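A.B. asks: turn this into a structure:
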Amino acid sequence: MNPSPARGAGHAPVAEPAMAAEPAAAQPETTATSLGGWPGTDPVEATKISLGLFTDPHLPSLPDLPARGVGSDAIGRTAALLVELPVDVQPYGWRFVDRPGLDHRRAVSALSTDINVLADVAGAADIAPATFKVHVAGPVTLAAAIHLHYGERALRDHGARRDVAQSLAAGLANHARRLAAAVPGAALTLQIDEPHVAAALAGTIPTASGYRTLRSIPAAELRHTWTELVTAARAAGFASVALNLADTGEGLGLDTVAESTTTGLGSAATSSTESRAAEAGAWCTALETALECGIDAVAVPLRRLDTGHWEQLAGAIESGLGVWAGTVPPNTVKANTVAARAGLALPSYSVLVERIMRPWRGLGLAEASLNQLRITPERGLAGVSPQEARAMVQRTLEVAEELTTIRNA
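C.D. replies: Below is the predicted model of the structure:
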C-alpha cells in the first residue's frame, strides 16, 4: 500500500471542478443521500420513500430495484443506456450481442417504467425537488462485468473499453432529457459507480476461465476515460457529477482474486492476501485519479480511509470539492429482530459524527466546510430489509443534522 504522504505532498494537484454545481457547497447544511440500490420490487413505493425522506436540501434519487430480476440489476440498468451496444444474459453474465433481444428490452423497459413512475409520483404529490440524482455503473465496471461475444470480459480489450466508455457517454444525453422531463426544474446529479476500479487497476480481476487474471488498466487511461465521461455528462445536462468508489452492495457479476476464498483460480493468480494489498494500493491511485478528472464530488466509505486518504481529501475539500462520506454501516443483527426494527443495532449518530469530526479537526479543516459533505450509507441498500434500509437512511439524516449544528454553532 502506498505510504501516507505529508498533506499536500506527493499528489498531483486536485482538478478544479468545471462547474461550481455541487449543491452541498452552495448551502449552509450538511446533506444526505442514498447510495446504490433499494430493497423490494415496487417502484411506486420506492419512489415515494426517496422523495419523502430526502426532502430539500437533501438529495433524492431514482430508485434501483435489483430484486425485480434481469434488467433491473446495476449492470443491466446501465447497459440499457448504451448506444449501439445491445446486450443479453448468458449463464456467466451479461454479454454484448449484434442486435437487441428480450434481455435488453427488459432492461430498457424497467428503466423507462421507473422514470415514468417518478413523473407520476412527483406530479400526483405536487413535489418539485430542487435537486435529483441518478446513478450508473461506470465504464470500468461495465467493461469488467460485460463479456464480449467470445466470452471474455470486455475489460481485456483496449478497443472494447474505449467503445463501452464512448457508448455510455453518448447515452447520457437522452437519459438526462427524460429525467428533466420527469422532474422539471431539478438540478440533476449523476453518480458514477466504480466499485471494481481498484481491482481493474491492480490486475486482480479473473479472466472468464478463472485460471488467469486480466492485465491491469493504465492509470493514465482511467484518468482520460473518467475525464471524458464527466465532460459528456455536463454536456448532456447534468449539473453535478460524483464518482462513487464505495461498494454498491451488488456483486455485479464478478469476484476478484482478493474476494475469492478458494484456490481454484490457477497457479497464475496471486494469493488472496497479496491481491488485497495490491487492491488497497490501487484504491489510493483510483482516489487520486478521481480527484483529477473534474468531478464535483467523490463518494468514499469512511471505514476505508486512513490518514493518507484523509490528507488527499483535505486538499480536495479546501479546493471546493464535495465529499460523500459513506458513514452508516448495515445492522449487525438479523433484520427481523426487535432491535433491528428499532434501529438499535446501528451505531448512534454521535458515534458516527465523531468518526468524521476526529480526522476533520485533526487535519485542521474548517467547520465552515462541513457543508461540502453529503452523508450516505456505506454501500447500496438492495441487500438489506426495507426496515433496515429506512433505519440506515434515517441515521444518515441524523448525522447530517448534527454536522449542520456543529457548522452553524
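A.B. asks: any stretches of the chain with poor pLDDT?
C.D. replies: Scanning the chain with the threshold set as pLDDT under 70 gives 1-26, 249-271, 332-344.
A.B. asks: now the helices: where do they sit in it?
C.D. replies: Counting by DSSP state H, the chain has helices at residues 43-53, 74-79, 102-124, 139-145, 158-182, 197-202, 219-236, 272-290, 307-318, 338-341, 349-362, 386-408.
A.B. asks: okay if I get those as CSV plus distance to residue 35 and mean neighbour count?
C.D. replies: Just so you know, the C-beta spots here come from the backbone N, C-alpha and C atoms, and that holds for glycine as well. Putting the helices of the chain into CSV (distance: least, CB to CB, whole Å; neighbours: other CB atoms under 10 Å) gives the following:
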stretch, distance to residue 35, mean neighbour count
helix 43-53, 12, 20
helix 74-79, 12, 27
helix 102-124, 17, 18
helix 139-145, 15, 28
helix 158-182, 18, 18
helix 197-202, 16, 27
helix 219-236, 18, 19
helix 272-290, 16, 20
helix 307-318, 17, 20
helix 338-341, 20, 15
helix 349-362, 15, 16
helix 386-408, 9, 20
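A.B. asks: select, out of the ones you listed, the one closest to residue 373.
C.D. replies: helix 386-408 (6.4 Å; CB to CB).
A.B. asks: nearest to residue 211, of the helices of the chain?
C.D. replies: Here helix 272-290 is closest among the helices of the chain (CB to CB), at 15.1 Å.
A.B. asks: report all helices and strands that that closest one contacts.
C.D. replies: helix 197-202, helix 219-236, strand 297-301, helix 307-318 (3 or more CB pairs under 8 Å, 6 or more residues apart in numbering; DSSP states H and E).
A.B. asks: let me have the ones you listed in CSV, extended by distance to residue 273.
C.D. replies: Converted to CSV, these look like this (distance: least, CB to CB, whole Å):
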stretch, distance to residue 273
helix 197-202, 13
helix 219-236, 23
strand 297-301, 21
helix 307-318, 21
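A.B. asks: between these, which gets nearest to residue 381?
C.D. replies: That would be, of the helices and strands packed on helix 272-290 and by CB to CB, strand 297-301, which comes in at 13.8 Å.
A.B. asks: need the residues that contact the closest one.
C.D. replies: 22, 24, 35, 191, 240-247, 287, 290-291, 309, 313, 316, 321-326, 374, 376, 378-379 (CB atoms under 8 Å, 6 or more residues apart in numbering).
A.B. asks: starting at the chain centroid, how far to it?
C.D. replies: Put simply, strand 297-301 sits 8 Å off its chain's centre (CA atoms, centre = their mean, to the nearest Å).
A.B. asks: got it, and stretch 309-322?
C.D. replies: For stretch 309-322 - counting by CA atoms, centre = their mean - the centre lies 18 Å from the chain centre.
A.B. asks: for stretch 124-132, same thing?
C.D. replies: Distance, centroid of stretch 124-132 to centroid of chain: 23 Å (CA atoms, centre = their mean).
A.B. asks: stretch 71-78 now?
C.D. replies: For stretch 71-78, the distance to the chain centre is 14 Å (CA atoms, centre = their mean).
A.B. asks: re earlier: to residue 135, which of the helices and strands packed on helix 272-290 lies closest?
C.D. replies: strand 297-301 (9.6 Å).
A.B. asks: relative orientation of that closest one and helix 307-318 in degrees?
C.D. replies: 150 degrees (axes from the mean of the first three to the mean of the last three CA atoms, to 10 degrees).
A.B. asks: buried residues, strand 297-301. List them.
C.D. replies: 297-301 (16 or more other CB atoms under 10 Å).
A.B. asks: now for the residues you listed, which pair is the farthest apart?
C.D. replies: So, those by CB to CB: farthest apart are 297 and 301, at 14.3 Å.
A.B. asks: who wins for proximity to residue 330 among the helices of the chain?
C.D. replies: Short answer: helix 386-408, nearest of the helices of the chain by CB to CB, at 6.8 Å.
A.B. asks: neighbours of residue 366, how many?
C.D. replies: Other residues within reach of residue 366, judged by other CB atoms under 10 Å, total 11.
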